[in-house]
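Trainee: Below: sequence and its predicted model.
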Amino acid sequence: MKKRDLNNLDILDLSTMITDNEEALQNLKFQKAMQQLEDPLQIKSLKKDIAQLKTIMKEFDLGLRGNKDKK
């Protein structure tokens, strides 16, 4: 996902995307264990997306995001 797309998301969208990506990652890990995974780089990119989403969630928690009107 592009960084400019991530900037427009709110907390609810982020949390749903995190849960969806974690479920997809779990499915990919199962496919890898069963040796049915065609592109192992999907796991790497999904982990990267999850980390980016969690970083943005942490920024909301710290107050670094979402307070654009108060500045």
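Mentor: Thanks, I have it.

Trainee: Mean confidence (pLDDT) on whichever strand or helix holds residue 31, please.
Mentor: According to DSSP states H and E, residue 31 maps onto helix 11-33. Helix 11-33 carries an average pLDDT of 95.

Trainee: Can you pull up the most central residue in this protein?
Mentor: Nearest to the geometric centre of the chain sits residue 50, at 2.9 Å (Cα atoms, centre = their mean).

Trainee: if I look at residue 59, how far off is residue 34?
Mentor: Going from residue 59 to residue 34 by Cβ to Cβ, to the nearest Å gives 37 Å. Bear in mind the C-beta positions are built from the backbone N, C-alpha and C, glycine included.

Trainee: Which one of these two is surrounded by more residues?
Mentor: residue 59 (12 against 8; other Cβ atoms under 10 Å).

Trainee: What separation do you get for the residue lying closest to the more buried one once chain neighbours are set aside and residue 33?
Mentor: Of all residues not flanking residue 59 in the chain, residue 65 sits nearest, at 4.4 Å (Cβ to Cβ, 6 or more residues apart in numbering). Residue 65 sits 37 Å away from residue 33, going by Cβ to Cβ.
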